[in-house]
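S.K.: Take a look and give me a structure for this.
(2 chains)
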Amino acid sequence: MNSPFTNGIAAQRLDADALTENFSDLHAPLDGHEAAVAADRCYFCHDAPCTTACPTDIDIPLFIRQIATGTPDAAAKTIFDMNILGGMCARVCPTEDLCEQACVREIAEGKPVEIGRLQRFATDTVMAKGVMPFVRADATGKKVAVVGAGPAGLSCAHRLAMLGHGVTVYDAMQKAGGLNEFGIAAYKSTDDFAAREVDWLCSIGGIEIKTGMTLGTDLNIDGLAKDFDAVFLSVGLGGVNALSIYGDDKNGVDDAVSFIRDLRQTSDLAALPVGRNVVVIGGGMTAVDAAVQSKLLGAQNVTIAYRRDRDAMSASRYEQDLASSFGVNLMFNAQPKAIHGNGAVAEIELEYTSSENGKLSGTGETVRLPADQVFSAIGQTLTTDCGLKLEGRKIAVTDTGRTSRDGVWAGGDCASGGDDLTVTAVAEGRDAATDIHETLMGSK
Amino acid sequence: MADLTTDFLGIKSPNPFWLASAPPTDKEYNVRRAFEAGWGGVVWKTLGSEGPPVVNVNGPRYGVIYGADRRVLGINNIELITDRDLFTNLEEIKRVKADYPDRAIIVSLMVPCEEDAWKAILPLVEDTGADGIELNFGCPHGMAERGMGSAVGQVPEYIEMVTRWCKQYYSKPVIVKLTPNITDIRKPAAAAMRGGADAVSLINTINSITSVNLDTMSPEPSIDGKGTHGGYCGPAVKPIAMSMVSEIARDPVTSELPISGIGGVTTWRDAAEYITLGCGNVQVCTAAMTYGFKIVQEMISGLSQWMDEKGHTSIQDFKGAAVPNTTDWQYLNLNYVAKAVINQDDCISCGRCYAACEDTSHQAIAMSEDRTFSVIDEECVACNLCVDVCPVENCITMVALEPGTTDPRTGKVVQKEYANWTTHPNNPSATAAE
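M.R.: Below is the predicted model of the structure:
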């Protein structure tokens, strides 16, 4: 048995009970009484700001009123109408930046209605019953390929299946779910929720999932376009940006995405090795998830080093505070300069930065932190462009997800437009499905 | 600090807060706890004639209406008068009165409409040393079917007759408690007065069904699958009760009749309002049943603070102060023009005022792209609905237009002179203004 004080990268820093506790639900679900009390706080605003703030436009006042009046199943239907992954979004949405930030009671009292937790209450109620509140329309005979079984792909597939189309969903991984399954902190999706949600979503019928199929090797866009009436690409961002600094090839330098993925897939958290001194480079949700989970696995010291200031960090203030509450040290205006160590990482050298007119530059002053594990979380990139027109480094799409190639739509992180959020991906998949349907059925 | 001492019919109590005749005052134990908590007086739960005790249903006996967060807005009950032995009650009343001489104890009574029945019980009550009696002519269930309670209260002649017997066989103040389950509250009040009543108290509870169980199809409270109308009380009935109080206070026939106000008194403010409408004191039940006896402490401190702030040194100072301002619709000033004004600093942009006005009123609130809500004076009739539905107190207010300014809605100049419907040209029975 090791401890947080064991040097190097080691497994079993905490005992099984501590690990179970650390990786249980971050926010316990509301029970019926709590949900009733929380729901009563909603003012049922006109043209509600929370709904406007929701990328999937869920009618939040309506679903909360449905909870308040004792009909959570109807509430869930209201949510799923707009967002079939409402269960996952209730867990992972940065509500503090979206619906709850817009809540008028946040403005009035600094205490928004607990929209995210209420959404979870409603969606959990229905999912626990195994009820799929939608039925398929009569089969249209049309076939659509969805490439990538993440939030965008699943949302698109469900909407298409509901409209009567036959959907084949391909995914490069051995399991469906995309970032829901592989890329979100474990304590936000406990009890195998992502996989259960995929099964539930597919229970509408008409969706076939084929895993282990990678675009570019097992599949190609021309073949898909030939075999299917339409193609929706939701392949995400498969590449991980490298640190590209001196020493980034040393043992112990890893990408945060892989670390989070391994953590989500392990059946034995105690077997996962983690450093005593961990430094995470980056400023987004991936950085926070990697840092917090390193701490929860038993790392003694965990630091997030971000090259810009706090306000520029893409992880919300709420997420920053969450990381702090777990004992993660947040370091701002510090960019990686070099990684030192004899074969394995021993220290990371950071240079302080300053910003003038938005342009960041090193000040020349450096600091060294002990580190036996360094995670890079400085962004991901598109790996397959399929010859489609790009916008920036993503596939260029219209509002309804149309790419530069007829018959091919795209959405989610791989496509331009919107934030890289689960909820945004769901909206894009849903809207592309509607456009695909209208196109295939000749109404557009 | 303001003096809350109340003299009601010569009965002194340290404050105007009495507990109404109801379960909280059913026995010595409760009443002692109430006095320790600070209540100024109690009306002991209604006693019946000597004999086999009254039989209650086992329960449930109460139904409820909730506001947000399960806040109790109204309770109804199907309890009857005390189901304890008459002599046990009388002994307890005597003991408690002896121990709390500074507090008011009124004994509520309900016996059959026969002179002998009253003649029998009144001396027994007199002997307890209690300060007065209250005639329960109000209970709408159970006893009414036996020719008592509201069955008496709905017939002014019976009220007068029984009241007269009580004045004949009892030496202390007689208060007649009125049922609201009638069309004109002034009639039973006048009857009580003719019978010699020293005061009326109102309202008793209102016939009600609070809810229906949609599984069993039974009204609540449901006794083995059946329900019945119960007596409704609590904050929800306050507006009804205050209107009835005001009618008695305003009527020339009954305006001198002392009133004990009952119905949804929950805070000091409610009590103050009842007193301004002419009540000499108030009686409370639902608030105590919801929160316990301690709630009187807020009533006492709140009323004291308000009286100090307003410069009232005694209850008498503001008793009936709102009566002259309570009038009939046809005397309201038709030349008074106001407009809603939204304080943008307080507005939280919920848009409820907009939804209410746009969908159900006069389309007099504009909503901008950035959710700024503003009143369109050309459309606003000052109906007050926006004020009522706004979740932020005082965010929206009604501001009167100064005489001489033009009302953008009508294009007419606001007149300084008072003018009402009785002289309005559209009124077919209008009389020419002198």
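
S.K.: Now do the buried residues in stretch A:191-205.
M.R.: Residues of stretch A:191-205 classed as buried: A:Phe193, A:Ala194, A:Arg196, A:Glu197, A:Val198, A:Trp200, A:Leu201, A:Cys202, A:Ile204 (neighbour count, 16 or more other C-beta atoms under 10 Å in any protein chain shown). Where you see a C-beta, it was placed from the backbone N, CA and C, and this is true even at glycine.

S.K.: so the third one touches A:Met127, yeah?
M.R.: Yes. Under the criterion of C-beta atoms under 8 Å, A:Arg196 lies in contact with A:Met127, with a separation of 7.4 Å.

S.K.: And whatever helix or strand A:Asp17 lives in, what does it pack against?
M.R.: Using DSSP states H and E, A:Asp17 falls within helix A:16-22. Helix A:16-22 sits against helix A:285-297, with contacts defined as 3 or more C-beta pairs under 8 Å, 6 or more residues apart in numbering or on different chains; DSSP states H and E.

S.K.: What's the end-to-end length of stretch A:375-383?
M.R.: Using C-alpha to C-alpha, to the nearest Å, one end of stretch A:375-383 lies 21 Å from the other.

S.K.: try stretch A:231-243
M.R.: One end of stretch A:231-243 to the other measures 34 Å (C-alpha to C-alpha).

S.K.: So what's the model's average confidence on that stretch?
M.R.: In this model, stretch A:231-243 carries a mean pLDDT of 94.

S.K.: buried set for it?
M.R.: Buried residues in stretch A:231-243, counted by 16+ other C-beta under 10 Å: A:Val231, A:Phe232, A:Leu233, A:Ser234, A:Val235, A:Gly236, A:Leu237, A:Gly238, A:Val240, A:Leu243.

S.K.: shouldn't the last one be in contact with A:Pro336?
M.R.: Okay, so that is A:Leu243. Yes. Counting by C-beta under 8 Å, A:Pro336 is a contact partner of A:Leu243 at 5.8 Å.

S.K.: what sits against residue 92?
M.R.: Unless you meant another one, I'm taking chain A. Applying C-beta atoms under 8 Å, 6 or more residues apart in numbering or on different chains to A:Val92 gives the contacts A:Asn180, A:Ile184, A:Lys188, A:Ser189, A:Thr422.

S.K.: wrong chain, I was asking about chain B
M.R.: Listed by C-beta under 8 Å, 6+ apart, the contact set of B:Glu92 reads B:Lys27, B:Glu28, B:Val31.

S.K.: and the gap between the last one and chain A?
M.R.: As for B:Val31, its distance to chain A is 34 Å (criterion: C-beta to the nearest C-beta, to the nearest Å).

S.K.: likewise B:Gln283?
M.R.: According to C-beta to the nearest C-beta, B:Gln283 stands 30 Å off from chain A.

S.K.: residues touching the nearest residue to that residue once chain neighbours are set aside, list them.
M.R.: Of all residues not flanking B:Gln283 in the chain, B:Ala20 sits nearest, at 3.7 Å (C-beta to C-beta, 6 or more residues apart in numbering or on different chains). When contacts are counted by C-beta under 8 Å, 6+ apart, B:Ala20 is found next to B:Val43, B:Ile262, B:Gln283, B:Val284, B:Cys285.

S.K.: Low-confidence ranges, the chain, go.
M.R.: Chain wasn't specified; assuming chain A. In the predicted model of chain A, residues A:443-444 satisfy pLDDT under 70.

S.K.: Actually, chain B is the one I wanted.
M.R.: For chain B, the stretches flagged by pLDDT under 70 are B:432-434.

S.K.: quick one, which residue of it lies the farthest from its center?
M.R.: The outermost residue of chain B, judged against the average C-alpha position, is B:Glu369 (45.1 Å), by C-alpha atoms, centre = their mean.

S.K.: what about that residue, which helix or strand?
M.R.: Assigned by DSSP H and E, B:Glu369 falls within no helix or strand.

S.K.: Show the contacting residues for it.
M.R.: Applying C-beta under 8 Å, 6+ apart to B:Glu369 gives no contacts.

S.K.: How about A:Lys142?
M.R.: A:Gly164, A:His165, A:Gly166, A:Asp229, A:Ala230, A:Leu440, A:Met441.

S.K.: and those residues near chain B, which?
M.R.: Applying C-beta under 8 Å from any C-beta of the partner chain to these, one finds that nothing falls near chain B.

S.K.: Going by neighbour count, which of those residues are buried?
M.R.: By neighbour count, with 16+ other C-beta under 10 Å, the contacts of A:Lys142 hold A:Gly164, A:His165, A:Gly166, A:Asp229, A:Ala230, A:Leu440 as buried.

S.K.: Now tabulate those in a markdown table and tack on secondary structure.
M.R.: As requested, the buried ones among the contacts of A:Lys142 are exported to a markdown table (DSSP: H, G, I helix; E, B strand; the rest coil):
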| residue | secondary structure |
| --- | --- |
| A:Gly164 | coil |
| A:His165 | coil |
| A:Gly166 | strand |
| A:Asp229 | coil |
| A:Ala230 | strand |
| A:Leu440 | helix |
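
S.K.: Within range of chain A, give me the residues from chain B.
M.R.: B:68-70, B:348-352, B:354-355, B:367, B:371, B:391-392.

S.K.: run the last query once more with 10 Å
M.R.: Taking C-beta under 10 Å from any C-beta of the partner chain as the criterion, chain B approaches chain A at residues B:66-71, B:346-359, B:365, B:367, B:371, B:373, B:389-392, B:395.
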